[in-house]
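K.L.:
Here you go, sequence then predicted model.
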Amino acid sequence: MPKLIIDNNEIEVEEGLTVLQACEIAGAEIPRFCFHERLSIAGNCRMCLVEMERAPKPIASCAMPVADGMVIKTNSEKIIKAREGVMEFLLINHPLDCPICDQGGECDLQDQAMGYGSDRSRYIEGKRAVKDKDLGPLVATVMTRCIHCTRCIRFATEIAGVPELGATGRGEHMEVGTYVEEALTSELSGNLIDLCPVGALTSKPYSFNARPWELTKTESIDVMDALGSNIRVDTRGNEVLRVVPRNHDDINQEWISDKTRFACDGLRRQRLDQPFVRRRGKLEPSNWEDAIKLCANKIKNTDPLKIASIAGDQVDCETMFSTKLLLKKIGCTNVDCLQDGAKLDQKVRSSYIFNTKIAGIDEADAILIVGSNPRLESPVLNARIRSRFLKGGLQIGLIGGAIDLTYPYQHLGDEPQLLEQFIAGKNKFSKVLKKAKNPMIILGSGAINREDGAQILHNARKIAETTGMIADNWNGFNVLQSAASRVGGLDIGFVPEKLFNLEDMELIYLIGADEIDFNKTKNAFVVYQGHHGDNGAHHADVILPGAAYTEKSATFVNLEGRPQRTQKAVFPLGQAKEDWRIIRALSGAIDKPLPFDDLSDLRKLLSDTVPSFGSMNEIITNAWGDFGLEGPMTNRRISNISVNFFMSDPICRASITMAECAKAQSDRLAREAV
């Protein structure tokens, strides 16, 4: 490893690092605008200048690889003067509109101008002005502020895989924008806001709503998909104003999807903030005592075998666990967290999680995707696959409909019988998997939500076993879940002991379940416990208002089997209560009180019953087993999941921002179809 001297201190660093990274390891602060750890090196801004012995002039430390024997000075008089000069040039055309800039208080240019710039400007000429660009309903632009760091261009091209941003013109006439006046089509476009160091790109929905010092910041977990992205919820009073990413290298790195970031305005719209009871065919406001009493009487007077409970996609583990305990006390086992009908095997944990782990994608050298569109089901995970592809040495095959995944792949077809060819070794791509050191298969919702999903699951397991995906230090079998509650529900066992038909039930208890076929609930008494007036609430006879994910401390298990917890950022609206409290109150009303009175007791009982909940943020090793159902598959073609990315859950459907995104998407598709 090379040794170098930085500010009179000798350090040893890994081969391949840049001087800038070595300086940071040595504890020296190097300003920068264009450099970003997850983007390619551009060397545009020259703010990271350092002095290198025997070099005729200061060097850009972000673009200079370390070499043995280097002597670097980061804070000499020469460098201080050089940085002041660079900052003076950067500010020549900058509008200096800090008092009205929405980036104020979080602006890298503002901070570095204070730390490294001069205390005066010598520029007296007229400033350049640039027309703002329309990037769609999410990202606002003030392009006069742009300093041409090209972070946004590199992100769109390298991470998002949508090369729609670029630069036109040269020198003073250079402008960054879309070549054609169109909204960005990436599901990750909001990350441009975090990347922009100068306020040229800001959040359009959040603009001018608050200053950063007014906000209360709460670290939490995203529930818009099953990835479990680490986020920070920023609130003022009892209102969520924005959601931004937290770095977690093993999960979402520092990216989040647009749905995660911008759907938060739906948290205050179409909310259920008091109990409702249906009287004479109409839902009327009620109170907690009457609503709980009515539910309790119905449960007491209904055959337990005719009662069922369905959990939705954003239900936390404490709620599902307490609901299962309550129904078990009355002799009911008709519970289900698979409202989309996925054919998964709860008995073998490795059959329904992402065994490779999300970070394991970085080590894969062959991937077979079956019935999945990871770009819509988990955009951040899809970006990780793209990042691995760009490093080279990765071959990808897809069974399902041909789609744009932002990276090249071999489209193998969409017939289920292709899986049998893989098992027999007769498909060309099966040879690719066998030759690979770390092959993996990704099974999506489009494959396991079918009537023959169990057979497809069985054949996917056989492919994993016959192509070398299962080894001592590698398990390449992965199921890409799309619901935040799914893995936790399966871990708890929130699945029926025997299959049941909703049409045969007399009482159906829905917990945030809005995606089921409500034609099957017409003859039943329906209780809906949730936080939005969505499909489930419209068909309910009793509504019990619950708390959204920002309003409670709750446990969720992500698609790789990692338990994580949200934190309460605001209080539930109106009379709404945390979901486990509602279940506990209901258990007392039916004279079957559950053995806990507070959240800590409930969590202790949960971890004692299901050991995987004992350690937060840790992934346990799972044994490989026999799962799936052997038998013939149908001839119906395997399709990718068909879902409107911006309208996939109650929070999104209540969001004005997501509605604008969906409209922009439909308008673009209509124009392309002409």
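P.N.:
Cool, the structure landed. Residues are numbered from 1 along each chain as shown.
K.L.:
Make sure residue 1 is actually in contact with residue 15.
P.N.:
Yes: between residue 1 and residue 15 a contact is recorded at 6.2 Å, counting by Cβ atoms under 8 Å. No exception for glycine: its C-beta is placed from N, CA and C like everyone else's.
K.L.:
how about stretch 300-312 as CSV, C-alpha atoms only?
P.N.:
Presented in CSV, the C-alpha positions along stretch 300-312 are these (Å, rounded to 0.1, in the frame of the first residue of the first chain):
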residue,chain,number,x,y,z
LYS,A,300,-68.4,-12.8,20.3
ASN,A,301,-71.5,-13.7,18.3
THR,A,302,-69.7,-15.0,15.2
ASP,A,303,-68.3,-18.5,14.7
PRO,A,304,-64.5,-18.2,15.0
LEU,A,305,-64.2,-20.4,11.8
LYS,A,306,-66.1,-17.7,10.0
ILE,A,307,-63.8,-14.8,11.1
ALA,A,308,-60.8,-13.7,9.0
SER,A,309,-58.1,-11.0,9.2
ILE,A,310,-56.1,-9.6,6.3
ALA,A,311,-53.1,-7.4,6.8
GLY,A,312,-52.1,-4.8,4.2
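K.L.:
List the buried residues of that stretch.
P.N.:
302, 307, 308, 309, 310, 311, 312 (16 or more other Cβ atoms under 10 Å).
K.L.:
Show which residues not belonging to that stretch make contact with it.
P.N.:
Contacts of stretch 300-312 from elsewhere in the structure, counted by Cβ atoms under 8 Å, 6 or more residues apart in numbering, are 299, 319-320, 323, 327, 330-332, 334-337, 339, 483, 485, 489, 494, 500, 502, 504-516, 525, 530, 536, 590.
K.L.:
Show me how far it is from its chain's centre.
P.N.:
33 Å (Cα atoms, centre = their mean, to the nearest Å).
K.L.:
pLDDT of it, averaged?
P.N.:
On average, the pLDDT along stretch 300-312 is 95.
K.L.:
Then stretch 108-120?
P.N.:
Throughout stretch 108-120, pLDDT has a mean value of 91.
K.L.:
So residue 603 sits against residue 610, correct?
P.N.:
No: under the criterion of Cβ under 8 Å, residue 603 is not in contact with residue 610, lying 10.9 Å apart.
K.L.:
Please settle this for me: is residue 487 part of a helix?
P.N.:
Yes: using DSSP: H, G, I helix; E, B strand; the rest coil, the assignment for residue 487 is a helix.
K.L.:
and it, what is it in contact with?
P.N.:
Contact partners of residue 487, counting by Cβ under 8 Å, 6+ apart, are 226, 352, 353, 481, 557, 558, 559, 561.
K.L.:
For the most centrally placed residue in the chain, list the residues it contacts.
P.N.:
The chain has residue 229 as the residue nearest its centroid, 4.6 Å off, counting by Cα atoms, centre = their mean. Shown in contact with residue 229 (Cβ under 8 Å, 6+ apart): 221, 222, 245, 248, 251, 252, 255, 256, 257, 260, 380.
K.L.:
Now for the fifth one, how many residues are close by?
P.N.:
Meaning residue 251. Residue 251 has 25 neighbours, counted by other Cβ atoms under 10 Å.
K.L.:
how close does it sit to residue 13?
P.N.:
27 Å (Cβ to Cβ, to the nearest Å).
K.L.:
Kindly report the same for the fourth one.
P.N.:
With distances defined as Cβ to Cβ, the gap from residue 248 to residue 13 amounts to 24 Å.
K.L.:
And the second one, by the same measure?
P.N.:
Between residue 222 and residue 13 the distance, using Cβ to Cβ, works out to 35 Å.
K.L.:
Give me the below-cutoff pLDDT ranges for the stretch 151-300 of the chain.
P.N.:
Of all residues in the stretch 151-300 of the chain, none has pLDDT under 70.
K.L.:
Which strands or helices does the helix ranked longest in the chain pack on?
P.N.:
Longest among the helix segments of the chain by residue count, using DSSP state H, is helix 656-673. Using 3 or more Cβ pairs under 8 Å, 6 or more residues apart in numbering; DSSP states H and E as the contact criterion, the elements in contact with helix 656-673 are helix 258-262.
K.L.:
got a list of contacts for the helix it packs on?
P.N.:
Counting contacts by Cβ under 8 Å, 6+ apart, the residues outside helix 258-262 that touch it are 138, 186-190, 203, 205, 222, 224-225, 229, 231, 242-245, 379, 645-646, 648, 652, 655, 657-658, 661.
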